[in-house]
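Novice: Sequence first, then the predicted structure, then my questions.
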Amino acid sequence: MIPLVSQFQHRSIILAIQQMDERIDGLLFSISGSWRCLINETKPSHRKRYTMAHELVHNDRRRQYSWPFMESEEQKATWMERQTNAGAAAILMPEESVISF
């Protein structure tokens, strides 16, 4: 199992698990150059773990996104979330582990 909390520490991201609006799983944001990640404590443990992986991918890719031509900001956001979801899945279920299963 990948130690996700230590990945936040390695990236100097302050991680906090706290109660949030039920519609929010997690957030990644910067305040004065310091990155923070909030995870909704009311979510099931498997969802919190997925959200942590998702936010790590957002952090790692935030400077790497190259936008294909898209009509709207909504399309860009949808594309970015799909890319991030795929990255989170790869962290939690590496191909070699899934295939050998």
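Specialist: Yes, it's here. Numbering: from 1, shown residues only.

Novice: going forward, measure contacts between C-alpha atoms and count neighbours the same way
Specialist: OK.

Novice: Any stretches of this structure with poor pLDDT?
Specialist: Counting by pLDDT under 70, the chain has low-confidence residues at 1, 63-71, 101.

Novice: Where do the strands of this protein begin and end?
Specialist: In the chain, the segments counted as strands under DSSP state E are 14-18, 26-31, 34-40.

Novice: got a list of what N59 touches?
Specialist: With contact set as Cα atoms under 8 Å, 6 or more residues apart in numbering, N59 has these partners: L28.

Novice: Renumber starting at 18 from here on
Specialist: In the new count, where the first residue is 18, that last one comes out as N76.

Novice: re the thing from before, how about JSON lines for the strands of the chain, with mean neighbour count and distance to A106 added?
Specialist: Conversion of those to JSON lines gives the following (neighbours: other Cα atoms under 10 Å; distance: least, Cα to Cα, whole Å):
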{"stretch": "strand 31-35", "mean neighbour count": "14", "distance to A106": "20"}
{"stretch": "strand 43-48", "mean neighbour count": "14", "distance to A106": "16"}
{"stretch": "strand 51-57", "mean neighbour count": "18", "distance to A106": "17"}
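
Novice: TSV please, covering the ones you listed and showing distance to I108.
Specialist: Below are those laid out as TSV (distance: least, Cα to Cα, whole Å):
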stretch	distance to I108
strand 31-35	18
strand 43-48	17
strand 51-57	17
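
Novice: For A105, grab the count of nearby residues.
Specialist: 22 (other Cα atoms under 10 Å).

Novice: ok, so what distance separates it from V115?
Specialist: For A105, the distance to V115 under the criterion Cα to Cα, to the nearest Å works out to 14 Å.

Novice: What of Q26?
Specialist: Shown here: Q26 relative to V115, a distance of 27 Å by Cα to Cα.

Novice: Kindly report the same for T95.
Specialist: Summarising the geometry, the distance separating T95 from V115, computed by Cα to Cα, is 26 Å.

Novice: So between these two, which is more surrounded?
Specialist: Neighbour count, other Cα under 10 Å: between T95 and V115, T95 has more, with 12 against 9.

Novice: Just list the residues touching the closest residue to K60 other than its chain neighbours, thanks.
Specialist: Ranked by Cα to Cα, 6 or more residues apart in numbering and with sequence neighbours excluded, the top spatial neighbour of K60 is D42, at 7.2 Å. Contacts for D42 (Cα under 8 Å, 6+ apart) come out as I56, N57, K60, R64, K65, T68.
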